[in-house]
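> Generate a structure from the sequence data that follows.
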Amino acid sequence: MSDFTTSFLLVRKLKSLTGRFLDAAYVVMIVLSGITLLSDLTFLMDIGKEYRLFDVTGEWMMLYGFTAFQLITVVIGFVLILKKEPIKAHLFRIDNSEQENLFLSMHHIALVCGALGLIGVALSMTGLIVPLQFRTALMIVVSVLVICPLVLIILYWLVSMAKSRRGEWTDEKQRADTGRAAITALIVYLATMVAVVVITVLNAVDMPLSFWLLSVFFMMMTAFSGVIIKRNA
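Residues are numbered from 1 along each chain as shown. Alright, predicted model coming up:
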């Protein structure tokens with residue numbers, strides 16, 4: 001898989017978003033596979049430097065995992081290409097119906113990224129991926145990685161709206177849904193912080209501050225976008 005292939009698949013998918021969960025999940029796959037491409041060379045260089053001195057089995061397994069993920073992403077992309085007609089839509093020019101699809105796709109992507117973030121933070125605390133002394137660094141890396149697809153779709157939404165529409169960027173229902181979602185996310189935040197304070201006072205669980213902060217962030221993201229998706233189901 002190359003950077004060109006990743007870019008081609010991403011552009012094609014952005015031009016054909018339907019506002020459905022599977023489309024959004026595939027956008028996340030494309031972005032993450034493109035990012036992991038950049039890490040392949042780093043892994044190979046580290047393995048070449050360390051294989052005589054250290055056990056590099058873990059690095060080989062991660063490299064194999066990234067490669068398999070990249071191949072699966074490409075295969076899915078070309079299967080979709082064969083099943084669909086050529087796409088003639090412009091990348092940054094969208095009409096009203098496409099705006100609704102993009103709005104929903106953005107929140108589906110946020111939901112996927114939030115769920116992946118929670119899973120990644122939890123796995124970082126188990127010591128299964130890296131030793132526990134590196135758990136904070138791993139949590140930060142995982143968090144930045146899973147946020148990248150969301151950042152990309154938000155930038156795409158901003159550019160598309162700026163070029164395609166004048167006046168209001170969202171309709172009345174979207175604004176109402178966003179308000180309800182914000183209230184839900186605030187409730188989740190307050191409830192979680194109360195739970196954290198209780199756990200800290202009772203000293204029931206020994207977790208670093210970074211774990212709580214990242215967990216609350218991804219929980220709020222998931223709750224916020226989940227409400228919007230639910231109200232448009």
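
> quick one: low-confidence ranges for this structure?
1-3, 39-61, 85-89, 96, 129-130, 164-168, 204 (pLDDT under 70).

> Other residues contacting stretch 108-120?
With contact meaning C-beta atoms under 8 Å, 6 or more residues apart in numbering, stretch 108-120 is reached by 19-21, 23-25, 27-28, 139, 142-143, 145-147, 149-150, 153, 214-215, 217-219, 221-222, 224-226, 229. C-betas here are computed from N, CA, C, even on glycine.

> Just the buried residues of those residues.
Buried subset of these (neighbour count, 16 or more other C-beta atoms under 10 Å): 19, 23-24, 27-28, 139, 142-143, 145-147, 149-150, 153, 214-215, 217-219, 221-222, 224-226, 229.

> what comes up buried for stretch 99-119?
Residues of stretch 99-119 classed as buried by neighbour count (16+ other C-beta under 10 Å): 99-118.

> which residues of the protein fall in helices?
In the chain, the helices defined using DSSP state H lie at 3-14, 21-50, 57-83, 96-124, 135-164, 172-202, 209-231.

> I'd like the ones you listed as a markdown table, with distance to residue 90 appended.
Conversion of the helices of the chain to a markdown table gives the following (distance: least, C-beta to C-beta, whole Å):
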| stretch | distance to residue 90 |
| --- | --- |
| helix 3-14 | 11 |
| helix 21-50 | 18 |
| helix 57-83 | 19 |
| helix 96-124 | 10 |
| helix 135-164 | 9 |
| helix 172-202 | 22 |
| helix 209-231 | 26 |
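
> And the residue nearest the centre of the protein?
With distances taken as C-alpha atoms, centre = their mean, the residue of the chain nearest its centroid is residue 113 (3.1 Å).

> Does residue 185 touch residue 220 like I think?
Yes - if you go by C-beta atoms under 8 Å, residue 185 and residue 220 touch, sitting 4.5 Å apart.

> Residue 97: neighbouring residues, count only.
Counted with other C-beta atoms under 10 Å, residues neighbouring residue 97 total 9.

> Could you measure from it over to residue 22?
From residue 97 over to residue 22 the distance is 19 Å, taken as C-beta to C-beta, to the nearest Å.

> now do residue 4
Note on residue 4: its distance to residue 22, by C-beta to C-beta, is 24 Å.

> likewise residue 142?
In this structure, residue 142 and residue 22 are 23 Å apart, going by C-beta to C-beta.

> Residue 28 too?
Applying C-beta to C-beta, the value for residue 28 to residue 22 is 11 Å.

> Burial check on residue 81, number of neighbours?
Using other C-beta under 10 Å as the criterion, residue 81 is surrounded by 14 other residues.

> no, scratch that, I was asking about residue 136
Neighbour count for residue 136, taken as other C-beta under 10 Å: 16.

> cool, the one 5 residues further on as well?
Using other C-beta under 10 Å, the number of residues around residue 141 comes to 14.

> Ok, residue 80 next?
Other residues within reach of residue 80 by the criterion other C-beta under 10 Å amount to 15.

> ok, it - contacts?
By C-beta under 8 Å, 6+ apart, residue 80 lies in contact with residue 26.

> Cool, thanks, signing off.
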